[in-house]
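Q: no FASTA, just this:
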């Protein structure tokens, strides 16, 4: 069994890692840290884990973490970049679910996250961990920056069109809708039941941090500038996310359905729906699958791509585990093979 | 008191008319029809009305309806066009909440609603009832086609930009999200709790009937063709709707905030939020208000308009009552002056 | 217009008072206090009030409050008892929505609220404000302790049985279920969407503070001891509460339906449903009505009473307004005459 | 692999069986029937199953079912009793999730289900399948009547008290609350989102069919009469159920916590929480676990037991699979070993 540590196990993504790893055939969580809950049993905080996890939270003990073969960071931004260098130096592989290792340019990091990066020298090495885009790099990596939930949904939806150079990159629109679990488990007025239930609204119109990741990856794919209009909205639900992507086609002759099916043939976690179908978020609930549909309304010049994921799984803990499996040469699906829960 | 009839009082819009009319200072419901529930008290079906409404449903009795001064149709498509002509002939004003009198072209009606129109001669006379667009025509009308919920939200959001000729009409995008009450109270698998709650999806990718209304009105406003991409989505909630509208600006110099404030100054039911604000659907719950915000992400060439309404009120029964008030020379706000219920 | 002040206007009950008073024909809010939000407009915090309330929050200014004819306290426990004495001394009527003036015995207050009472000399004078029980006392009162939400639902459900001496007082059971708005608008993990939605649980098994009020009133009504088993549960919804009350009948001959109808005949805000009917919480949403049904399963010795209210209205702000109306000799229904919002 | 058939695979319990069996190490679904959807792929109806199930629905073909080693009935009441005899005669083991084989007395069946029983001669043989009560009988059975969801939650909560003869059997109260999935996937007004969400109510006050099962089992356990007051309520959520059980103690000296822990020691699917803890329904979501807590409010004479299950799993498909495992000598946990999904 591969021994793994989780730093920051009290948030929703930390709990999700515990849930998924509880059934992983080749990995075992041996260290689980939380400053705030140190000494407390994990299953006291998350009673659903009773019988599946008998760990206690510990403080962030460098020695215990260094004894792991892999460490996941499910922490607020800024923690992983402080702790990762010494872990890497001691041979521990690191998968960071925060934003610390997603952006290549430390200046961009500083602009969006309002602090200087603590180890800019690692940014070039870190792999932006979308397996469907960089499977081989991930397999060789010792440091993976696990992508944000919105970028995962948007990029998986856009990849075939961008790679085929079939759309105008300037003017791409991603109208995204996310369940509230994306805001995490920390106390915020905006996450309270009374504010979320039976309500809908856009947010972050002034700029969402995931914009930076998205533009970085679009530029990397197209060579052009990443002029994406990205508008996130908050759904009155917990898990699940949809990106509705609008792209003006430059090649009207393309069979979009065939393009998508070809691009994702053999991918274990991307499911291209049959022509004319529409995905729903519950069909991927609690699973690592991204389901996609591509449409061309009224046969016009606009492609509309619908991309759904569970933001806590393919958008966070599940993709992190998929990356972990790749980094350790395991079956990419290990621990990720249960059906979605719907309804 | 003006005596009014409601044909089809068992759906959500019928119930909403009863709720709103219960407090109208100058109108009184005297006839309430439903074939299915004839003989039943309305407050047995809708216990919330106990103490506010002691009517019983009757069958559709032409004489009783003809004795009213106004009749609202809250029926499935196809009923109003059969009954309206004789009511009009006897001097009754008609407000139709179905689609029968929204479209000017009977061929378009037939294409989308799959039946020939029963009284095409009335289509020219019928006023498409958005008071913010046609207040004076409505005031003189005897027949109003009350707009669909999506068109109401989208058109109120687009009007200032279209009237100012500030955007490319071709390629307009309306990414719309609606609570499930828009699907009505009839039994459908897709309206069941188990299918709606904690779920999100697009629908009607092959073409939604409201597309026809929207294009008709955009063409009327711009003279051009109405090449709108309109994608509706179903929200896991009951009331409320948002249109997120994307429009490429042709005039980059415009102060969009000022444009919107100017356009809607004095409107009792359109509220332009301060710059940088974002509306939420609950802030209009149970009220006839449409709240709007206009943004230009990253100062770019794309205007993003957020338009929220309660689909059952401004998107149906409330707007119908607003039209009724206009048609009878009443204060436009009569019966519509209670604060929204939030949360 | 009667000028009223609200101390603590940023919680859900404060907002509800603003919503209800916005349409009160004889009262006008002139002072609205909040230490935290002083200077801020109320409609910036609660956009639903845009157009209905142009007040700003102020600090708790004794002079401004003393200039009001009535002051509502929608504050955490402990505030009203500090401020009420001087307001009363200056002729201001006080309606306290917190628990400070509900309990007659300062020792009981101290036991449950863990602080000594600041003005025990006022406790005898304060009226426990259930109009259906003490209408005349309330009408003459200058200080009303507005009851808790659970006690309101339970007592209205029990009154007819207790007054008729028809049940065993020892062993009464109130199995209560409340929407999360009862926990208020302050940040708590237990009020977050992710903790509340699609979940159900009991809480406060060790003793809920409303137990004290309930026992006080049951003792007052029966002369016996108040041995009530009271188990509250949290519902995955925002507004609404049901008490399911189990009482062993000592008189098997009674016509319970007639008993309830007789007891509440003429009450504007208590609605006894027809025999065999079952109330639902939405049928009282946003309204001051309590709906009741009384059953005897299988014709046995156990009476089961179902009592539903909107915990923010009849369980808080609405009942406070009903008390206010009584204290000022107004129609008891003033400002409380709109139909419930369902669905 | 054991080949199993599912009759009636289009409801929520049928879909749940497919979800659970998709990962069962020793069973494989080979026949899946539905008159209505014959010919249709299961994963077209339930897209969550894409990649996990490539079966098509067939008509109810006796030969195909007879070739299975076990058949699950997830059908409306009345189907299993018509088909079971011939399957049993051909050596197929039958697990019926409907009520056809729960009641021992055909007259009781007829009274509650309003039809004569089709094979009363099998009722004595059929085992009422609560493994925690009849593990050995189930292991030897060829016909199991899988219990209703409410009886499962209530009986697991009551067993220790009844077996210890520690409570008055007459006057037991089960105040039960269930998510709407218990009403199934068929179209009903009462299951629509607009009727369920943000609402709460009791139902079946005139008598719920599960009363019969409950009384049968209580009588069997106590020898007395089963005078249970059972009041079901509908929760605004999909999965999950709680029984809050009130029982007057006849033995005041008992350590209830120890009693429960002892009774369920070693049970893989019953989890007695630590003293003073309270279960929530999400902590068992999608899992076969029943979590229990036992309290004595204010140290009084009333025991209060809180029992939570996922009504679709331990209350239906999961318990059926647990019974299947026992009937085939497999590890009782096979296919049921994934952690609950919370939140």
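A: That came through fine. None of the values given here were measured: they were computed from a predicted structure.

Q: which residue ranges form the helices in the stretch 51-200 of chain A?
A: Ranges of helices in the stretch 51-200 of chain A, per DSSP state H, counting those that start in this stretch, are A:62-66, A:80-89, A:106-113, A:131-140, A:149-163, A:193-196.

Q: Against which helices or strands is the shortest one packed?
A: Other elements packing on helix A:193-196 under the criterion 3 or more CB pairs under 8 Å, 6 or more residues apart in numbering or on different chains; DSSP states H and E are helix C:193-196. Quick note: C-beta positions are derived from backbone N, CA and C, even for glycine.

Q: hmm, who's touching the helix it packs on?
A: The contact list for helix C:193-196, computed with CB atoms under 8 Å, 6 or more residues apart in numbering or on different chains, reads A:12, A:180-181, A:185, A:191-193, A:195-197, A:236, A:238, C:180, C:189-190, C:234, C:236, D:343.

Q: Now list the buried members of these.
A: Among these, those scoring as buried are A:12, A:180-181, A:185, A:191-193, A:195-197, A:236, A:238, C:180, C:234, C:236, D:343 (criterion: 16 or more other CB atoms under 10 Å in any protein chain shown).

Q: all strands for chain A, in order.
A: Assigned by DSSP state E, the strands in chain A fall at A:2-7, A:27-33, A:70-73, A:93-96, A:127-128, A:143-145, A:173-178, A:201-202, A:229-234, A:241-248, A:270-272, A:290-295, A:302-309.

Q: a markdown table for those, including mean pLDDT?
A: As requested, those are arranged in a markdown table below (pLDDT from 0 to 100):
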| stretch | mean pLDDT |
| --- | --- |
| strand A:2-7 | 98 |
| strand A:27-33 | 97 |
| strand A:70-73 | 98 |
| strand A:93-96 | 98 |
| strand A:127-128 | 98 |
| strand A:143-145 | 98 |
| strand A:173-178 | 98 |
| strand A:201-202 | 98 |
| strand A:229-234 | 98 |
| strand A:241-248 | 98 |
| strand A:270-272 | 98 |
| strand A:290-295 | 98 |
| strand A:302-309 | 98 |
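
Q: Need those in JSON lines (columns: distance to chain B).
A: Below are these laid out as JSON lines (distance: least, CB to the nearest CB, whole Å):
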{"stretch": "strand A:2-7", "distance to chain B": "26"}
{"stretch": "strand A:27-33", "distance to chain B": "28"}
{"stretch": "strand A:70-73", "distance to chain B": "26"}
{"stretch": "strand A:93-96", "distance to chain B": "27"}
{"stretch": "strand A:127-128", "distance to chain B": "22"}
{"stretch": "strand A:143-145", "distance to chain B": "24"}
{"stretch": "strand A:173-178", "distance to chain B": "4"}
{"stretch": "strand A:201-202", "distance to chain B": "4"}
{"stretch": "strand A:229-234", "distance to chain B": "5"}
{"stretch": "strand A:241-248", "distance to chain B": "6"}
{"stretch": "strand A:270-272", "distance to chain B": "15"}
{"stretch": "strand A:290-295", "distance to chain B": "5"}
{"stretch": "strand A:302-309", "distance to chain B": "5"}
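
Q: Can you give me the separation between residue A:155 and residue A:315?
A: Using CB to CB, to the nearest Å, residue A:155 is found at 11 Å from residue A:315.

Q: Between the two, tell me which one has more neighbours.
A: Relative neighbour count places residue A:315 above the other of residue A:155 and residue A:315, with 30 against 26, counting by other CB atoms under 10 Å in any protein chain shown.

Q: How about the more buried one: what's its closest non-neighbour residue?
A: residue A:149 (2.9 Å; CB to CB, 6 or more residues apart in numbering or on different chains).

Q: what's the neighbour count on the one you found?
A: If we define neighbours as other CB under 10 Å, then residue A:149 has 27 of them.

Q: Residue A:91 too?
A: Other residues lying near residue A:91 total 9 when counted by other CB under 10 Å.

Q: Find me the pLDDT at it, would you?
A: We have a pLDDT of 98 for residue A:91.

Q: For it, which phi and psi angles does the backbone take?
A: Phi and psi for residue A:91, reported as degrees, to the nearest 10, are phi 90, psi 10.

Q: Pull up the gap between it and residue A:66, please.
A: 8 Å.

Q: Tell me which of the strands of chain A lies nearest to residue D:268.
A: Judged by CB to CB, the one of these that comes nearest to residue D:268 is strand A:27-33, at 21.0 Å.

Q: and the nearest residue to residue A:66 once chain neighbours are set aside, how many neighbours?
A: Nearest non-adjacent residue to residue A:66, counting by CB to CB, 6+ apart: residue A:90, 4.6 Å away. The burial count assigned to residue A:90 is 13, neighbours taken as other CB under 10 Å.

Q: so who does the residue in the stretch 51-200 of chain A positioned nearest to chain D touch?
A: Residue nearest to chain D within the stretch 51-200 of chain A: residue A:52 (4.6 Å; CB to the nearest CB). Counting by CB under 8 Å, 6+ apart, residue A:52 touches A:18, A:19, A:22, A:43, D:339.

Q: Enumerate the residues of the stretch 201-343 of chain A near chain D.
A: A:238, A:271, A:273, A:279-280, A:282-287, A:289, A:291, A:337-343 (CB under 8 Å from any CB of the partner chain).

Q: rerun at 10 Å
A: Taking CB under 10 Å from any CB of the partner chain as the contact definition, the stretch 201-343 of chain A meets chain D at A:236, A:238-239, A:268-269, A:271, A:273-274, A:277-280, A:282-287, A:289, A:291, A:312, A:337-343.

Q: and the most centrally placed residue in chain A, how far is that from residue C:338?
A: Against the mean C-alpha coordinate of chain A, by CA atoms, centre = their mean, the closest residue is residue A:315 at 3.0 Å. For residue A:315, the distance to residue C:338 (CB to CB) stands at 43 Å.

Q: what do you get for residue A:318?
A: Per CB to CB, residue A:318 is found 48 Å from residue C:338.

Q: okay, those two: which has more neighbours?
A: Neighbours around residue A:318 and residue C:338, counted as other CB under 10 Å, are more numerous at residue A:318. The numbers are 29 against 19.

Q: thought that one was touching residue A:334?
A: No. Using CB atoms under 10 Å, residue A:318 is not in contact with residue A:334, being 11.6 Å away.
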